[in-house]
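[1] model this:
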Amino acid sequence: MKKLAIVVAGGPAPGINSVIGAATIRARLAGVEVIGLQDGFKWLAEGDTSHIIPLTIEDTSRIHFRGGSYIGISRANPTRSPEHLQRTLDGLDKLDVGMLITVGGDGTATLAQIISEKTRGRIRVVHVPKTIDNDIDLPDDTSTFGFQTARHVGVEIVKNLMVDAKTTSRWYFVVAQGRKAGHLALAIGKAVGATVTLIPEEFRGKKVPFATVVDLLAGSVIKRQAYGRADGIALLAEGLADCIDPEDLARHTELPRDHMGNLHVADVQLGEVLEKGVKARLAQFGLKATLIPKYIGYEVRCADPIPFDMEYTRDLGHCAARYIIEGGTEAVVSMINGRFVAIPFEQMKDPATGRPRVRMVDVDSDRYRIARSFMLRLKRDDFSRPEELARFAKVTQLTPEAFREQFFHLVKDEPEVAVDIGLALAAKPKRGGPSEGTDKSDAGPPVS
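    Reported below is the predicted structural model:
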């Protein structure tokens with residue numbers, strides 16, 4: 001029987017080593033030789049087959065406790081040129097590889113399918129989906145591996161920032177990884193009870209002015225100050241940068257352009273840009289606030305996996321090895337409600353892009369609506385309650401009518417009735433100012 005190779009590509013995620021270890025153990029018990037391709041496809045794409053690690057049960061049986069990747073990782077993409085792809089295919093043949101387990105995100109899944117197609121079945125390929133962004137469209141809202149650990153570690157970081165924010169009377173703008181979807185930012189923000197969380201999905205695919213995002217944050221700061229609090233935590237998904245009209249964004253920060261003149265918003269320092277914008281907006285009303293940008297991403301990608309991800313990824317590794325040894329190929333490995341499911345590559349594709357579908361946060365779900373109900377942000381109901389409107393107007397030294405003119409654009413498309421009324425979450429307002437992340441005007445139980 002030919003060898004089984006394991007390769008990890010893309011960015012790190014907690015649980016990679018659990019996949020490697022479990023797949024190795026399952027394959028070796030079946031008498032299959034296992035090798036690890038070091039540093040993703042980097043060396044094979046260059047025609048170098050010497051960077052190989054033999055994988056044994058003895059070497060891998062305890063690596064599942066640790067983060068990182070035992071065999072390294074890289075973003076090298078052999079499909080960037082026909083020559084690199086051919087060298088990769090030739091290298092796999094030279095190494096006598098007949099089975100390949102790829103561990104990575106949507107780009108790696110696409111590459112896995114290309115390798116399978118190019119070798120015409122000579123090499124069986126299965127893919128284990130990995131991303132802390134949780135944006136791979138697995139059935140039944142199943143998490144991608146590493147997401148739960150990333151949330152857990154992110155929550156611990158933000159908990160400490162919340163204490164610091166209250167102690168020092170400052171705001172933290174915490175930018176969480178999520179290049180397209182806001183799953184991680186929302187999950188962290190909802191768990192800790194952040195003051196406000198902004199994700200790309202709330203704009204429903206529309207480009208918005210830079211001033212809209214600035215006003216959303218400034219509105220939360222103003223509302224917070226109206227209740228006597230100078231501190232707060234805003235969770236921001238990094239994908240928000242893609243929601244802002246690029247030409248508008250370019251007026252507030254320098255953006256790199258490609259040879260065609262197109263803007264590259266992925267390199268925007270979102271926290272700093274919004275900090276500057278919100279400070280300037282508040283200054284228009286004579287208000288000051290200490291705003292500190294922070295980023296969550298690299299701190300959580302190589303964290304030791306929590307037990308959930310350890311168990312989950314060992315199951316994935318075991319099933320990947322078993323499935324491919326038994327003849328399976330061209331499938332994404334998943335565990336759905338405790339059962340192994342092999343999802344064909346074609347079934348995961350978005351017909352419009354030819355790449356795996358991206359799973360976005362469902363902003364019409366009860367999960368998101370509950371999260372919104374806890375956020376301290378300007379809401380439509382605020383503008384229909386004279387006492388609230390007067391409270392906010394006083395902070396900004398405006399008349400209630402002028403405050404409405406400045407900020408009503410944020411809520412004009414919201415429903416007349418609070419989004420959580422149908423969830424039976426309505427309650428009488430409590431006396432005093434709202435707690436961290438809980439909006440007095442919006443019905444939810446208090447949080448500490």
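[2] Which secondary structure elements does the host helix or strand of Leu235 sit against?
    Using DSSP states H and E, Leu235 falls within strand 232-237. Contact here means 3 or more CB pairs under 8 Å, 6 or more residues apart in numbering; DSSP states H and E; on that basis strand 232-237 packs against helix 147-168, strand 171-176, helix 183-192, strand 196-198, helix 210-226, helix 270-283. Glycine gets a C-beta too; all of them are placed from N, C-alpha and C.
[3] mean confidence score for the fourth one?
    To tie it back to what came earlier, the one meant is strand 196-198. Averaged across strand 196-198, pLDDT comes to 98.
[4] List the contacts of it.
    With CB atoms under 8 Å, 6 or more residues apart in numbering as the test, strand 196-198 has contacts from 182, 185-186, 189-190, 213, 216-217, 220, 232, 234-237, 240, 371, 375-377, 437.
[5] try stretch 337-349
    Contacts for stretch 337-349 (CB under 8 Å, 6+ apart): 109, 112-113, 116, 126-127, 136-140, 315, 319, 323, 328, 330-335, 355-357.
[6] List buried residues within those.
    Buried residues within the contacts of stretch 337-349, counting neighbours by 16 or more other CB atoms under 10 Å: 109, 112-113, 116, 126-127, 136-138, 315, 319, 323, 328, 330-335, 356-357.
[7] Return the subset of the residues you listed lying in helices.
    Cross-referencing these against helices under DSSP state H gives Ala109, Ala112, Gln113, Ser116, Asp315, Cys319, Tyr323.
[8] Check whether the fifth one really touches Ala22, as I assumed.
    Yes - with contact defined as CB atoms under 8 Å, Asp315 counts as touching Ala22 (7.4 Å).
[9] so what pLDDT did Ala187 get?
    97.
[10] what's the spacing between it and Ile199?
    Using CB to CB, to the nearest Å, Ala187 is found at 10 Å from Ile199.
[11] ok, now Asp90?
    Counting by CB to CB - Asp90 and Ile199 are separated by 44 Å.
[12] Name the residue in the two with the higher neighbour count.
    Between Asp90 and Ile199, Ile199 has the larger neighbour count (other CB atoms under 10 Å), namely 26 against 13.
[13] Tell me which residues touch that one, please.
    Contacts of Ile199 were listed using CB under 8 Å, 6+ apart, and they are Gly178, Ala181, Gly182, Ala185, Leu186, Ala237, Gly239, Leu240, Val361.
[14] Let me know how buried the second one is, in neighbour terms.
    Okay, so that is Ala181. Other residues near Ala181 number 22, with proximity taken as other CB under 10 Å.
[15] The closest residue to it other than its chain neighbours: what's it in contact with?
    Using CB to CB, 6 or more residues apart in numbering and skipping the chain neighbours, the partner closest in space to Ala181 is Asp135 (4.1 Å). Shown in contact with Asp135 (CB under 8 Å, 6+ apart): Asp106, Thr144, Gly178, Lys180, Ala181, His183, Val358, Arg359, Met360.
[16] from those residues, which would you call buried?
    Using 16+ other CB under 10 Å, the buried members of the contacts of Asp135 are Asp106, Thr144, Gly178, Lys180, Ala181, His183, Arg359, Met360.
[17] quick one, what contacts the fourth one?
    By CB under 8 Å, 6+ apart, Lys180 lies in contact with Asp133, Asp135, Pro200, Gly239, Asp242, Val358, Met360.
[18] Surely it forms part of a strand?
    No - Lys180 is assigned coil when assessed by DSSP: H, G, I helix; E, B strand; the rest coil, not a strand.
[19] so what's it scoring on pLDDT?
    88.
[20] Ramachandran angles for it?
    phi -120, psi -40 (degrees, to the nearest 10).
[21] measure it to Pro14 for me?
    20 Å.
[22] What sits closest to Gln406 if chain neighbours are left out?
    Here the residue nearest Gln406, using CB to CB, 6+ apart, is Leu398, at 6.9 Å.
[23] cool, and Leu235?
    Per CB to CB, 6+ apart, closest to Leu235 is Gly189, 3.5 Å.
[24] thinking Val175 is in contact with Pro293, fair?
    Yes - applying CB under 8 Å, one finds Val175 in contact with Pro293, separated by 6.7 Å.
[25] List the contacts of Asp304.
    Asp304 is in contact with Pro14, Phe65, Arg66, Gly67, Thr149, counting by CB under 8 Å, 6+ apart.
[26] ok, now Ser169?
    Contact analysis of Ser169 by CB under 8 Å, 6+ apart lists Ala230, Asp231, Thr290.
[27] Could you check how many residues crowd around Glu247?
    Glu247, neighbours per other CB under 10 Å, totals 11.
[28] And Asp362, by the same measure?
    Asp362: 12 neighbours (other CB under 10 Å).
[29] which secondary element of this structure has the worst mean pLDDT?
    Least confident element among the helices and strands of the chain, by mean pLDDT, DSSP states H and E: helix 246-250 (a mean of 86).
[30] so how far is that helix from its chain's centroid?
    Helix 246-250 sits 23 Å away from the centroid of its parent chain (CA atoms, centre = their mean, to the nearest Å).
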